[in-house]
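> give me coordinates for this.
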Amino acid sequence: MVKSTDVKTLYPLWLAGHEKSAPPCIMIDVRSPEEYAQGHVPGVALIPLNALAARAHEVPKQGDVYFICHSGGRSAQAVMFLQRECGHANLINVSGGTMAWSQAGFEIEKGRN
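The predicted structure is shown next:
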């Protein structure tokens, strides 16, 4: 089963962590580097879905880790893969993805980190 949250629930956690008034909100974007460069949530790490198996060791097993893509499909696949193959129990899919984040009027950053 994939745990999910929406962007309006996630935003206050991201904002507090982004402004350093709380622990960081760990988010991973699983889109392609080109999609990521077109617009992403500031401070979000990029691990493309096609590289996730090789980079699974980079995903923390402690604390909540939020996965995001364009609309929520690929990030849900990433969560299911890591749960099944690596035993992660701390992963949360962001429903609606970056598209919902942008539509809600939340900050988007362009370019590569």
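
> quick one: contacts for residue 5?
By C-beta atoms under 8 Å, 6 or more residues apart in numbering, the contact list for residue 5 reads 66, 92-95. For every residue, glycine as well, the C-beta is placed using N, CA and C.

> is it in a helix, a strand, or coil?
Per DSSP: H, G, I helix; E, B strand; the rest coil, the local secondary structure of residue 5 is strand.

> picking up where we left off before, the contacts of residue 5 in strands, which ones?
66, 92-95 (DSSP state E).

> Serialize the contacts of residue 5 to JSON lines and add fields for neighbour count and distance to residue 36.
Formatted as JSON lines, the contacts of residue 5 follow (neighbours: other C-beta atoms under 10 Å; distance: C-beta to C-beta, whole Å):
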{"residue": "66", "neighbour count": "23", "distance to residue 36": "15"}
{"residue": "92", "neighbour count": "19", "distance to residue 36": "19"}
{"residue": "93", "neighbour count": "23", "distance to residue 36": "17"}
{"residue": "94", "neighbour count": "29", "distance to residue 36": "14"}
{"residue": "95", "neighbour count": "18", "distance to residue 36": "19"}
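
> tell me the one among those residues nearest to residue 76.
Closest approach between these and residue 76, by C-beta to C-beta: residue 93, at 4.7 Å.

> what's across from the closest one in the sheet?
Residue 93 has these beta-bridge partners by DSSP bridges: residue 4, residue 67.

> from residue 83, how far off is it?
Computed with C-beta to C-beta, to the nearest Å, the distance linking residue 93 and residue 83 is 11 Å.

> cool, and residue 40?
For residue 40, the distance to residue 83 - C-beta to C-beta - is 24 Å.

> so what sits against both of residue 93 and residue 83?
residue 2.

> and residue 107, helix, strand or coil?
Assignment for residue 107 (three-state DSSP): coil.

> what sits against it?
41-42.

> pull the residues that contact the longest helix along the chain.
Taking DSSP state H as the criterion, the chain has its longest helix at helix 73-86. If you take C-beta under 8 Å, 6+ apart as the criterion, helix 73-86 is touched by 2-4, 28, 30-31, 49, 52-53, 56, 59, 61, 67-69, 88-89, 91-94, 97.
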